[in-house]
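Trainee: below is the sequence, then the predicted model.
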Amino acid sequence: MLALGFLCVLIFGAYSNTFQSSWHLDDFPTLVHDSALHLEDLSASSIAATFYSRPGSLGKSYRPVSCLSLALNWYLGGDQVAGYHLVNISIHFFTAFFLYLTIYNIFQSPRMAVKNSSHVFYIAILSAALWALNPVQTQAVTYIVQRMASLAAMFFTLGMYFYVKGRISKVRWYQIFNFIAGIGCYALAVWSKENAIMLPLAVMLVEIVFFQNLDSEKTCFKIRVGAASIAILLLFIFIYVVYFSNDFSILKGYRHRAFTLGQRLLTEPRIIIFYLGLLFYPMPQRLSIEHPVELSTSFFQPWTTAPAIALTVLMIGIGLYQIKKRPILAFALLFFYLNHLIESTVLPLELVFEHRNYLPSLFLFCPVAVGLFGLVDYYQQKSGSMVKVLVSFMVLLVLGLGLSTYVRNMAWATEQTLWEDALKKAPGRARPAYNLAKHYANAGQLDIALQLYQKALATEASRRKYTRALSLNGIASIYYMKRDFEKALEYCQKALKAHPGFETARYNLVLVLSKLARWDELSHQIDLLLAGKKTNRVYLFLKGEILLQQNQPARALPYFRKALQIAPDDNKIQLNIGIALNLIGHFQQAEWFFRRVKNTSPTDIRPYVYLIQIGMTSEDPAKTGQYIDELITSYKAATLAANLKTCFDTDYLSHRSRKLICSAVHDRIKNRTDEMARMGEN
């Protein structure tokens, strides 16, 4: 209970300034703009739908535990960020507490019991505090969508705890319970984020380091054979995935990266050494969402590549060599490198992100705590003042890390503060300038945004086709918002020339061409978009609208119907289906769609107008009068004329129809006014 309260106060105190920190980066496509996670009820079907919410990949299960937790947050609080941060910090707190419990129980294992110290409680709690308060962890905690990483780490840690508890127990049924609970945690961890797949290997490492008799040559031989077998198996899996699997080949992912698989493998040892530097010297000025990394193109370019590889091999060697003599140090090092295998080796991910250390660094501070309390033991009988100095140092270290975390979290307050911080620390990188430009564009400060996009375009990174295309497309969006459509068209075309497969730039080109009413070019560009994504409802809808503009309602209908199959409750699609049916003379079917839109979107004037027209066309005065009355009662007189004008300016009604509708509405209003005047006189 003391550990629980101590960690709770420290962690919630260090993160107390994050409850209003805004959405960032992947928060938007993953949650804010992803209707699949906007849980509206707790029915089984709605909850199951959250398991298949991967943006751009409908129908595939995606981190169901993490997605469900985010969806439940949305159900309880919508897009209010405070609730998400409360859950994220709570997950971080529980991970730290389970880490404390795991370390505490590791010291009860056979190989640690003989080395047991009177300071086990303090070693365990200091290790957990140093890990939890390290400001490097802010990226996994304050960045909302990285709940996926922190939730996976929590279940990973809990799985290890259950394994250790099961191994040190002498009661059979209690052992079985803990092992079953550990398997359940493994499933929850992997369903939170895939990097937790390493838990079985981590458990094997725990077993070898803390539970096996390493003085037995027979045991050591079995461990060597097992380790070699696993290494060979992993090598074959790697070769298969890279070179032979059509469905899972990771080489496909490198087509959209500015580096090759070989370059990534050469660069990552330098990055992992950099991670270790951040973890042990985590000053806020060293932390950023963007780190400038020079790509390693050979063992000697840059020159630090070969030393970093050698140091990595040395660190792993130290871990293996120290298993018998210093098991805590060995375990911490091997656990760190083991859990970097997924995200810091062959997968075509971005090169560097601080949150990738959240799981690997779990036990990294345990040797530090053991060393500090070893010094306390050493000086206990020699110098009481030195013990006080050591204890004071540990207290100040914990408080200093907490303060550094608090300061680092200030950068996460808003998109502006985050990217201004990143731009200051990596002025030669394109991404901070680009993302800061997006922020200013969304805030309506278009001139500042334009300057930042041009700054991003001028960086060295803009030589890469995708980065250059992003900046050019950003400039196009600024000119679009300034309503300079010719300039916007020029930059859209430049973006597509830099990267022909850039879907967003092509979509923006479509928007520009629609403003310029260049329907034939527009239709061609939509066809190119649909060739890659035949089930994208936005593209289907736009194709249908273009065909309506070209007076081809019969050809437009199939596109609208396909879009409606994907989004059956979309009023815009239903309205356009009604318009297309109306134009080809299928009035009864059109009326059904217009009535549906009217009932679900009563503030939209267009379905009323089309229903009035259908009543006139079918020469049904009762129906016409009914719809006119509904229109009149739905709008104030002062706004009705303006809304009618807007509708007529944008919709597909003949000049004669517009005149007839206006005349009928005018006459109806006049008759009702005269009738009310007579009632007043009477």
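Mentor: Alright, I've got the coordinates.
Trainee: elements contacting the host helix or strand of residue 164?
Mentor: For residue 164, the element it lies in under DSSP states H and E is helix 147-168. The contact analysis (3 or more C-beta pairs under 8 Å, 6 or more residues apart in numbering; DSSP states H and E) places helix 147-168 against helix 64-77, helix 81-106, helix 138-141, helix 172-190, helix 199-206. Every residue, glycine included, has its C-beta placed from N, CA and C.
Trainee: for residue 501, give me the pLDDT.
Mentor: Note on residue 501: pLDDT of 85.
Trainee: list the contacts of it.
Mentor: By C-beta atoms under 8 Å, 6 or more residues apart in numbering, residue 501 lies in contact with nothing.
Trainee: can you tell me the SS state at it?
Mentor: coil (DSSP: H, G, I helix; E, B strand; the rest coil).
Trainee: follow-up on the earlier one: tilt between the helix holding residue 164 and helix 81-106?
Mentor: On the basis of axes from the mean of the first three to the mean of the last three C-alpha atoms, to 10 degrees, helix 147-168 is oriented at 20 degrees to helix 81-106.
Trainee: what angle sits between helix 147-168 and helix 64-77?
Mentor: Using the same axes, to 10 degrees: helix 147-168 against helix 64-77 is 120 degrees.
Trainee: how about the strands in this protein?
Mentor: In the chain, no segments count as strands under DSSP state E.
Trainee: how is it carved up into domains?
Mentor: Here the domain parsing of the chain from automatic domain parsing is 2-23+79-214+257-405, 427-516, 517-568, 574-682.
Trainee: so which helix or strand of the protein has the lowest pLDDT on average?
Mentor: When each helix and strand of the chain is scored by mean pLDDT, DSSP states H and E, helix 637-650 comes last, with a mean of 61.
Trainee: if we can go back for a sec, closest one to residue 36 among the domains of the chain?
Mentor: Between residue 36 and the domains of the chain, the tightest spacing by C-beta to C-beta is seen for domain 517-568, at 11.9 Å.
Trainee: show me how far that closest one is from its chain's centre.
Mentor: Centre-to-centre, domain 517-568 and its host chain are 30 Å apart (C-alpha atoms, centre = their mean, to the nearest Å).
Trainee: how close does residue 434 sit to residue 467?
Mentor: Distance of residue 434 to residue 467, computed by C-beta to C-beta, to the nearest Å: 8 Å.
Trainee: pretty sure residue 37 is touching residue 52, no?
Mentor: No - at 10.5 Å, residue 37 does not count as touching residue 52 under the criterion of C-beta atoms under 8 Å.
Trainee: neighbour count for those two, which is higher?
Mentor: Neighbour count, other C-beta atoms under 10 Å: between residue 37 and residue 52, residue 37 has more, with 22 against 15.
Trainee: if we can go back for a sec, now the helix holding residue 164: mean pLDDT?
Mentor: 97.
Trainee: low-confidence stretches in the chain?
Mentor: By pLDDT under 70, the low-scoring segments of the chain are 55-59, 114-117, 238, 240-249, 460-463, 635-658, 672-682.
Trainee: quick check: residue 506 vs residue 525, distance?
Mentor: Using C-beta to C-beta, residue 506 is found at 6 Å from residue 525.
Trainee: neighbour count winner among those two?
Mentor: Under the criterion of other C-beta under 10 Å, the comparison of residue 506 against residue 525 puts residue 525 first, with 24 against 20.
Trainee: look at the nearest residue to that one once chain neighbours are set aside and say how many residues are nearby.
Mentor: Spatial nearest neighbour of residue 525, excluding adjacent residues (C-beta to C-beta, 6 or more residues apart in numbering): residue 510 at 5.1 Å. Using other C-beta under 10 Å, the number of residues around residue 510 comes to 23.
Trainee: was I right about residue 510 contacting residue 526?
Mentor: Yes - the criterion here is C-beta under 8 Å, and residue 510 meets it with residue 526 at 5.9 Å.
Trainee: quick check: neighbours shared by these two?
Mentor: The contact sets of residue 510 and residue 526 overlap at residue 542 (C-beta under 8 Å, 6+ apart).
Trainee: can you show me the CA trace of stretch 522-538 as CSV?
Mentor: Output in CSV follows, covering the C-alpha atoms of stretch 522-538 (Å, rounded to 0.1, in the frame of the first residue of the first chain):
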residue,chain,number,x,y,z
LEU,A,522,-12.0,16.3,-62.9
SER,A,523,-13.7,13.1,-64.1
HIS,A,524,-10.4,11.6,-65.2
GLN,A,525,-8.7,12.4,-61.8
ILE,A,526,-11.6,10.8,-59.9
ASP,A,527,-11.3,7.7,-62.1
LEU,A,528,-7.6,7.5,-61.1
LEU,A,529,-8.5,7.7,-57.4
LEU,A,530,-11.2,5.1,-57.8
ALA,A,531,-8.8,2.8,-59.7
GLY,A,532,-6.9,2.5,-56.4
LYS,A,533,-9.8,2.6,-54.0
LYS,A,534,-13.0,1.3,-55.6
THR,A,535,-14.9,1.3,-52.2
ASN,A,536,-14.0,4.8,-51.1
ARG,A,537,-17.4,6.4,-50.5
VAL,A,538,-16.0,10.0,-50.9
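Trainee: contacts for that stretch next, please.
Mentor: With contact meaning C-beta under 8 Å, 6+ apart, stretch 522-538 is reached by 58, 503, 506-507, 509-510, 513-514, 539-540, 542-543, 546-547, 550, 562-563, 566-567, 570, 573.
Trainee: restricted to helices, list those.
Mentor: Of these, the ones assigned to helices by DSSP state H are 503, 506-507, 509-510, 513-514, 539-540, 542-543, 546-547, 562-563, 566, 573.
Trainee: drop anything exposed from the residues you listed.
Mentor: Among the ones in helices among the contacts of stretch 522-538, those scoring as buried are 503, 506-507, 509-510, 513-514, 539-540, 542-543, 546-547, 562-563, 573 (criterion: 16 or more other C-beta atoms under 10 Å).
Trainee: closest to residue 585 among those?
Mentor: Checking those against residue 585 with C-beta to C-beta, the nearest one is residue 547 at 16.8 Å.
Trainee: surely the closest one and residue 556 touch.
Mentor: Yes - using C-beta under 8 Å, residue 547 makes contact with residue 556 at a distance of 3.7 Å.
Trainee: nearest to residue 220 among the domains of the chain would be which one?
Mentor: domain 2-23+79-214+257-405 (6.1 Å).
Trainee: end to end, how far does that closest one reach?
Mentor: With C-alpha to C-alpha, to the nearest Å as the measure, domain 2-23+79-214+257-405 spans 22 Å from end to end.
Trainee: quick one on the thing from earlier: taking helix 199-206 as reference, get the angle to the helix holding residue 164.
Mentor: Angle of helix 147-168 versus helix 199-206, following the same axes, to 10 degrees, is 40 degrees.
Trainee: report the angle between helix 147-168 and helix 172-190.
Mentor: Going by the same axes, to 10 degrees, helix 147-168 makes 160 degrees with helix 172-190.
Trainee: just the buried residues of helix 147-168, please?
Mentor: Buried residues in helix 147-168, counted by 16+ other C-beta under 10 Å: 147-168.
Trainee: same thing with stretch 349-362?
Mentor: Applying a neighbour-count criterion of 16+ other C-beta under 10 Å, one finds 349, 351-362 buried in stretch 349-362.
Trainee: now the residues you listed as a markdown table including distance to residue 259?
Mentor: Formatted as a markdown table, the buried residues of stretch 349-362 follow (distance: C-beta to C-beta, whole Å):
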| residue | distance to residue 259 |
| --- | --- |
| 349 | 11 |
| 351 | 7 |
| 352 | 12 |
| 353 | 15 |
| 354 | 19 |
| 355 | 20 |
| 356 | 17 |
| 357 | 21 |
| 358 | 24 |
| 359 | 24 |
| 360 | 22 |
| 361 | 25 |
| 362 | 29 |
